[in-house]
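**Q** sequence first, then the predicted structure, then my questions.
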Amino acid sequence: MERIWTEDAFPERRSSLVLLSPPPRLNQKGHCNELLVVDSPQSPVLEIGTDFAATCMITNTDEVTADDLYWTLSGTVVPKEQYTRINKTALSVTVPITSEKREWLLCRCKNVSAYVVLNKGRFMHGIFLTKGYRPGKPENLSCIAVQEERYISPNITCVWEAAGRQTGFVPTTYTLNLDVKIHCGMYNVSTREKSATVSVGLFPNHETLDIWVEAHNTLGKVESEHLKEEANWFVKTNPPSDVRVISERTFPTSLLINWAHPIDEVYVKLTYEIRFCPSGSQNWTYVPLVDTAKGIQSFRLQNLQPDTVYVTQVRCKNAIERGYWSNWSTNATERTPEDRPRSKPDLWKIITEDESTARQVWFICKDPVLSNGRIIRFDIKIQDHKDRVKNRSGELESIPVNRSKADPSPSQQKITILKQISLDDKKSVEVYVTAVNSVGKSPEASLVITEKLPTVKDLKVQRNGGQLCLEWKPPARPVSEYVVEWVSGSRIDWQREKGSTKNTVIKGSLEKFVSYTVSVYPLYSGVTGKPASKEAFLEEGVPLIGPAVKLKGKPGCNEAELVWNEIPQHSRRGFITNYTIFYTSGTKTHNITVPANTTSYTLKSLSRSTKYDTWVIASTIRGSKRGFNHSFTTLKYGTGEIEGIVVGVCLSFLFVVLLTMLLCIYKKDVIKDNFWPRIPNPGESTIGNWSPDYPLKTETPKENCLSGISVLDVDVCDGKCGSEDDKASLPLKKDKYLSEEHSSGIGGSSCMSSPRQSVSDSDEGGDMADTTASTVQYSSVVASSNGYKGQTPNFQPQQAIFSRSESTQPLLDSEENPDMLLQEGSRQSQHFSRQPSFTHTAGNEDSADPADFNQLEMEQQVLEPLDFCPLEEETTPTDGQSADGLPAALVSSYMPQLGGYRPQ
Amino acid sequence: MNGHVKSMHFQQFMEPAATLLSLLLVMAVDSTRTVSASRNPGCNSLQQTLKLTRLVEKESVDLIKTYKVSQGEMSELFCKVSVNDVPDSNISGLEPSEWIVSIFTHLQAFFPHFKRVYEQQTDLQSPTSPLLAELTTVSTRSRSLAAFISSFYQGLFPNLPVPEPAGGPTTLPPPKNVFQQKVYGCVVLKTYKEFLSNVSQKLRTLKPKVCRRRMQINTLFFF
């Protein structure tokens, strides 16, 4: 078929391209003008998925042939494989229609000549392809007519589903057709949506309707399935009106429901459906449809629970098999009348055991599950299990309860404390309880509190799906019933399980993050056994508060003991897995993890005099909670450290004092001799008899005399010069030393003595010296190679008398007493032996005590720096010394200086 | 003798048993036919016609109430006055084919009167008056009912000629004053309601015949 053709623009050379497409749909004849003859740009609507063929014809020109033609689709040259050369002037092409977009199909000519190039537009023609899909068959057609006031609305609304695809350029239009049979009323409405409403003027009740949808577009049309049904089949009425529920006291398990038809039966004959449920529950119970006859307006609900509020709803629909249910009516609520309790109250007990007192038993109970009314009182009777009779044996005691009807919570969840008794160990009682409401009393519940019977084994409490699951192994003794009890603080609840149960879940309302003590009690024919208990959480969380840490006592130098309180039970929100102690001095933070049962810890290896911050973290499996910081500063000195030092010093001082005292006691003689030396009585001195003219003879000292020892009369106090005790008296001593340096001692010689500085060792002596006149020469030291007493002035006159004392102190008696002199001289010669010049004689009998010797030797060494006398007393013993064996001679060597100092 | 007597007693026992068994068999057979009866097009058409008749009858009752209310005082008196030229409420014919045609003819005869009443009341009532709407509704329903009657008749008597509307023009009363119009309207409606009541009765009499088997089964179950 000729679709499009073009003609030469030039009048003299007419040419044209004619596009032919095989589908003989359109027969549009183009007309030509002088330049390009195009009848109209054809826009065929093509079905996607098909092939489209077109033919291009050359007319009125010989410039080009079919071989010079080619096709482009959306600017792309169509492959030559899709071309078909019909003849010299016609070329056809076949292109598959795949995409949804509209596009140009152009027939063009190659530039075979200048004329073609110059008239390019005239050698080109195209068609605009519009693509789409055939309409799909509408599916799932459904129509509805709702009730309006007393009638059914004449507006019938239908919905359907559009099958297949459609493009925006080839839209599908739907026509809803409604044919009212019999009197041939035909209604329709068109839309591009998938729903439509058709108005029939007056709803044709009881007439037959034929409804269908026709989908059509440029590519075709298709009809849906026909809905040919009675008109009431499409009716949806209002819900039943005036639904009322009537409670009749004589029928505690029944409620009567009345309602009114929403529409007159002459329009629609209805059937009804009723559902009801206890108030607060969403578990509706549906009355079977077979029980609700057509057209009924009342129904009696039976087998209901007494004293229970029921919510009732009714709906309706056309009595024919199919149709639309109306909405449910509004709630009609009514309470069934009361009936006497049909089940036992749930009797249980709480026992608090205190070793000091008898067991305290509280009897508690829940209302019967089938209380069938408001419980107004409980009747309780307590009997001794063995003796049958106790205090109130056989007496029925009524315990009134006041339950408010306004309380919405089920009474079965309320726990009533019936009675408290004290029960001694090994005594058992039986308790009988009945619940009473306004109609009657319940069956009797009993409980026996007796000795502890076997318990269940291996109780396990696990969380599973938001519940606490319990599992246990039954005891060997047959169990009639189990009581699962859970306690949290002061809240207690329980549930009962059959004796064959080995696992269960807690059906009560448990809270998250709350610790429950879950116990399982076996009941042996009403006798309670010993419980098995476990702590459990429905869900654990992070503790609400952290542990409050503080120091226990005072911190030490290197350690501090921390103590913290356990987190209160209600704040734990989980099992404490451990505590972590953190402490830091500012630079580095240390942490220590301790078990959950620990509430104190001693930090060690702390630094002295350092401020520490510490805190404790309590952890559960869900997380940790940090407590408050606590700061403390370690001590510089430990407790008792200062005291120890002080005590040590004191003890050391005391020891020194004691040692000194002991030394003084044991060496008192030495001290006495040194501090209070015996001063010879000058009056008794024999030096006065000494005469320079006295022929001095060198005598060989006796064997017991100190050989080669020159006695230096240095006071023994020299050994104590370093003593601190004597520091106070050091000036005086020093003076004394100075004095002694220049004075001769007993039997000693005064070396380098200065007569003018000679002072007595004793003040008294000094006084005496003062009184005895300074002119008195009380001693004269005679150096002799032979010893003190063997001095020989004649042989060594210059050495014999090299110094003298100007002391005014008289000579000691010993100096005049040869015996005494001998003794003292011997002692002093030992004490003041000199090294290395002096040698000790082995035969020194007076120095028998080696300790003394050693001590004195040490003293001597101390005194050594005080040795003022460089004189090497290698002199031979003086006459006096040599006269040891000759007391007479020695006596004569000390002559009283009656005439004062005698110049030598 | 005794044996004879026993035989006699046995025969006496067997007779009601056989009767009962036969009855049960009939019930069983009829129950199978009940399905086919319920699918009987004539029965369905009759039931639909009956339902529609009751519906129009009910609406005509409501229409009369509305009419009386809308006519003001003394409306009760209007309907007690007899008016000529109003179709008779009685159905003529003895055979179903005859009285069905009579029903159809009567229905056709009422339509002009409805139109006249509507025109008169249009002048008397406001455009939003429910009376006009109900008049339209009843008129429309009546046309549907006529179509149902015709269809039912064709289904029931396919070999008989299709009932046609009355040939000549319906005689309408001459223009009257308002009171007379009110009386006329009420009489038309009242007569129409009585006619519909008669139609219902007639159709009900036909129901056992058309829906015979099903009704028998129901009757058996009820008794």
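**A** Looks like it arrived, so ask away. Numbers count the residues shown, from 1 in each chain, chains lettered A, B, ... in the order given.

**Q** kindly state the pLDDT recorded for A:Cys277?
**A** Listed pLDDT for A:Cys277 reads 94.

**Q** actually A:His125, not the one I wrote
**A** 82.

**Q** and the gap between it and A:Gln82?
**A** Using CB to CB, to the nearest Å, one gets 18 Å for the distance from A:His125 to A:Gln82. C-betas here are computed from N, CA, C, even on glycine.

**Q** comparing the two, which residue is more hemmed in?
**A** Neighbour count, other CB atoms under 10 Å in any protein chain shown: between A:His125 and A:Gln82, A:His125 has more, with 27 against 15.

**Q** pretty sure that one contacts A:Leu106?
**A** Yes - assessed by CB atoms under 8 Å, A:His125 is found in contact with A:Leu106 at 7.1 Å.

**Q** what about chain B, any weak spots by pLDDT?
**A** B:1-39, B:165-171, B:175, B:213-223 (pLDDT under 70).

**Q** what helix or strand does the closest residue to chain A within it sit in?
**A** Closest approach of chain B to chain A (CB to the nearest CB) occurs at B:Ala147, with a separation of 3.7 Å. Using DSSP states H and E, B:Ala147 maps to helix B:130-156.

**Q** in that helix, what counts as buried?
**A** By 16 or more other CB atoms under 10 Å in any protein chain shown, the buried positions in helix B:130-156 come out as B:130-132, B:134-135, B:137-153, B:155-156.

**Q** go on, stretch A:204-223?
**A** Per 16+ other CB under 10 Å, stretch A:204-223 contains these buried residues: A:204-209, A:211-219, A:222.

**Q** any figure for the gap between the closest residue to A:Ser74 other than its chain neighbours and A:Pro44?
**A** Closest residue in space to A:Ser74, ignoring its immediate chain neighbours: A:Glu103 at 4.2 Å, by CB to CB, 6 or more residues apart in numbering or on different chains. If you measure A:Glu103 against A:Pro44 using CB to CB, the figure is 12 Å.

**Q** ok, A:Asn402 next?
**A** 90 Å.

**Q** the more surrounded of these two?
**A** Neighbour count, other CB under 10 Å: between A:Asn402 and A:Pro44, A:Pro44 has more, with 19 against 8.

**Q** how near is the more buried one to A:Ala435?
**A** In terms of CB to CB, A:Pro44 sits 90 Å off from A:Ala435.

**Q** same question for A:Ile58.
**A** 110 Å.

**Q** the two: which has the busier surroundings?
**A** Taking neighbours as other CB under 10 Å, A:Ile58 and A:Ala435 compare with A:Ala435 leading, 32 against 26.

**Q** part of a strand, is that one?
**A** Yes - residue state for A:Ala435 (DSSP: H, G, I helix; E, B strand; the rest coil) corresponds to a strand.

**Q** dump the residue contacts of it.
**A** Residues in contact with A:Ala435 (CB atoms under 8 Å, 6 or more residues apart in numbering or on different chains) are A:341, A:344-345, A:365, A:367-368, A:371, A:375, A:377-378, A:441-442.

**Q** can you count the residues close to A:Thr98?
**A** 10.

**Q** quick check on it: phi, psi?
**A** Torsion angles at A:Thr98 (phi, psi; degrees, to the nearest 10) stand at phi -120, psi -50.

**Q** nearest residue to it other than its sequence neighbours?
**A** A:Ile48 (6.8 Å).

**Q** my guess is the one you found contacts A:Arg102, does it?
**A** No - the criterion here is CB under 8 Å, and A:Ile48 misses it with A:Arg102 at 11.5 Å.

**Q** now list whatever residues contact both of those two.
**A** What both A:Ile48 and A:Arg102 touch, as defined by CB under 8 Å, 6+ apart, is the set A:Lys131.

**Q** what's the nearest residue to the residue in the stretch 401-550 of chain A positioned nearest to chain B if we skip its chain neighbours?
**A** Nearest residue of the stretch 401-550 of chain A to chain B, counting by CB to the nearest CB: A:Val439, 42.0 Å away. Setting aside the residues directly before and after it, A:Val439 is nearest to A:Arg340 in space (CB to CB, 6+ apart), at 4.3 Å.

**Q** with A:Gly136 instead?
**A** A:Gly136 sits nearest to A:Gly164 (CB to CB, 6+ apart), 2.5 Å away.

**Q** give the rounded mean pLDDT of stretch A:634-653.
**A** In this model, stretch A:634-653 has a mean pLDDT of 86.

**Q** circling back: list the residues that contact both of A:Glu103 and A:Pro44?
**A** Here A:Glu103 and A:Pro44 share the contacting residues A:Leu129, scored by CB under 8 Å, 6+ apart.

**Q** residues from chain B in reach of chain A?
**A** With CB under 8 Å from any CB of the partner chain as the criterion, chain B meets chain A at residues B:48, B:51-52, B:54-55, B:57-59, B:136-137, B:140-141, B:143-144, B:146-148, B:151.

**Q** let's see it at 10 Å
**A** B:44-45, B:47-59, B:61-62, B:133, B:136-141, B:143-152 (CB under 10 Å from any CB of the partner chain).

**Q** what is the end-to-end distance of stretch A:509-519?
**A** For stretch A:509-519, the separation between the terminal residues is 16 Å (CA to CA, to the nearest Å).

**Q** show the average pLDDT along it.
**A** Summarised as a single mean, pLDDT over stretch A:509-519 is 89.

**Q** repeat for stretch A:219-237
**A** For stretch A:219-237, the mean pLDDT works out to 91.

**Q** list the contacts of the residue nearest the centre of chain B.
**A** Nearest to the geometric centre of chain B sits B:Ser200, at 2.6 Å (CA atoms, centre = their mean). Residues near B:Ser200 by CB atoms under 10 Å, 6 or more residues apart in numbering or on different chains: B:49-50, B:53-54, B:56-57.

**Q** B:Leu52 now?
**A** Taking CB under 10 Å, 6+ apart as the test, what B:Leu52 contacts is A:182, A:204-207, A:266, B:141-142, B:144-145, B:147-149, B:203.

**Q** and for A:Thr610?
**A** Contacts of A:Thr610 by CB under 10 Å, 6+ apart are A:555, A:557-558, A:585-587, A:632-636.

**Q** do the same with A:Arg85
**A** A:65-67, A:69, A:91-92.

**Q** out of the residues you listed, which end up buried?
**A** Buried, going by 16+ other CB under 10 Å: A:65-66, A:69, A:91-92, out of the contacts of A:Arg85.

**Q** just the closest of those to chain B, please.
**A** A:Ser92 (58.3 Å).

**Q** quick check: which element contains the closest one?
**A** strand A:90-96.

**Q** for A:Arg624, grab the count of nearby residues.
**A** Wrong residue type there; residue A:624 is Ser, not Arg. Applying other CB under 10 Å, we find 16 other residues in the vicinity of A:Ser624.

**Q** that one should be in a strand, yeah?
**A** Yes - counting by three-state DSSP, A:Ser624 falls inside a strand.

**Q** and the gap between it and chain B?
**A** 78 Å (CB to the nearest CB, to the nearest Å).

**Q** chain neighbours aside, what residue packs nearest to that residue?
**A** That would be A:Ile617: by CB to CB, 6+ apart, it lies 4.6 Å from A:Ser624.

**Q** can you map out the helices along the stretch 51-200 of chain A?
**A** A:114-118 (DSSP state H, counting those that start in this stretch).

**Q** an error on my part: the question was meant for chain B.
**A** With DSSP state H as the criterion, chain B has helices at B:2-38, B:41-71, B:75-78, B:96-124, B:130-156, B:178-210, B:212-222.

**Q** those helices: which one's closest to A:Trp325?
**A** Closest approach to A:Trp325 among the helices of chain B is made by helix B:41-71 (21.3 Å; CB to CB).

**Q** got a list of what the residue of chain B closest to chain A touches?
**A** A:180-185, A:207, B:49, B:52, B:104, B:107.

**Q** kindly report the same for B:Asn177.
**A** B:Val183.

**Q** how about a cut-off of 6 Å?
**A** B:Asn177 sits next to no residue when contact means CB atoms under 6 Å, 6 or more residues apart in numbering or on different chains.

**Q** no further queries at this time; thank you.
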